[in-house]
Structures are given as structure tokens and as C-alpha cells.
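# Please find the sequence and the predicted model below.
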Amino acid sequence: MPLGRNTQAEIITLTLSPSPINPFRINHTYFDQLPLEECVIATGAMLDFLQRVYIKDTPYTEAVYADIKYLQKSHFLLYEELHSFLTEHAVEEDARKNGVAAQVEALNVSPAH
């Protein structure tokens with residue numbers, strides 16, 4: 001059975017000295033090192049987790065909220081970047097396919113005599 005968020009926070013707080021203000025503080029470097037696709041998924045998943053922690057109203061709620069705001073901005077910027085990349089790639093792929101189709105069509109058209 002997985003540990004609850006309060007249990008996780010208690011373990012982190014008890015084992016670290018001094019106790020952290022926010023036991024769920026995110027490691028921004030981790031997200032910076034991920035490939036774009038993985039980073040979009042990871043930031044979305046972390047946002048979901050932190051939002052669940054935030055609604056518990058704990059002593060570190062404000063610190064969690066600060067991380068949520070940062071991650072939301074990052075997540076949507078990354079998502080926009082990924083969407084732009086995929087859209088651009090799809091347009092290039094369509095152009096390539098249309099170019100091939102035009103070449104095939106040109107080969108199939110017989111000259112009028």
C-alpha cells in the first residue's frame with residue numbers, strides 16, 4: 001500500500017536536518033534535463049501531484065503553491081513548443097507526401113498526341 005502524502009512529508013521532515021520548509025520542493029534541474037516530450041508529461045504529472053498536496057492545507061501550502069505556479073507556466077510553454085514542433089513536422093510531412101504524389105501523378109499522365 002503506497003504511503004499517503006502526509007506520511008511522506010512526515011518521513012522527509014523527520015529524516016532531514018534542518019527540516020525543509022517544503023518537503024515536496026521540486027528539482028527544476030531534473031525537468032530542465034528531460035527531452036521535450038518527457039518534460040511535458042513529467043510536468044503535467046507533477047502538477048497533478050502538487051495540486052493534491054496543496055488542497056490538504058498544510059504548513060507548506062504556500063511553498064507548494066509557488067511550485068505549482070512555476071510548473072504551470074513551464075508546462076504550458078513546453079506544451080506550446082511541443083505542439084508547434086509537431087505541427088511544423090506534420091506540415092513538412094504533408095508537403096513531402098504531396099510532392100511524391102505529384103511526381104507519381106506526373107509519371108502516370110500520358111502526353112497528349
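Ah, there it is. Not measured: the values here are computed from a predicted model.
# could you show me where the helices are in this structure, in order?
For the chain, the helices defined by DSSP state H occupy 5-15, 28-32, 36-54, 61-108.
# can you tell which of the ones you listed is closest to I21?
Of all those, helix 61-108 sits nearest to I21, with 5.5 Å by C-beta to C-beta. Where C-beta positions appear, they are placed from N, C-alpha and C, glycine not excepted.
# Which strands or helices does the closest one pack on?
Applying 3 or more C-beta pairs under 8 Å, 6 or more residues apart in numbering; DSSP states H and E, we find helix 61-108 packed against helix 36-54.
# Residues contacting the helix it packs on, please?
5, 9, 24, 26, 31, 34, 61, 64-65, 67-68, 71-72, 74-75, 78-79, 81-82, 85 (C-beta atoms under 8 Å, 6 or more residues apart in numbering).
# Least confident secondary structure element in the protein?
Within the chain, no helix or strand scores below helix 5-15, which has a mean of 69 by mean pLDDT, DSSP states H and E.
# So which of the helices of the chain is the most surrounded?
helix 36-54 (a mean of 16; mean count of other C-beta atoms under 10 Å).
# quick one, it and helix 61-108 angle?
Relative orientation of helix 36-54 versus helix 61-108 (axes from the mean of the first three to the mean of the last three C-alpha atoms, to 10 degrees): 150 degrees.
# Report the distance from helix 36-54 to the chain centre.
Put simply, helix 36-54 sits 6 Å off its chain's centre (C-alpha atoms, centre = their mean, to the nearest Å).
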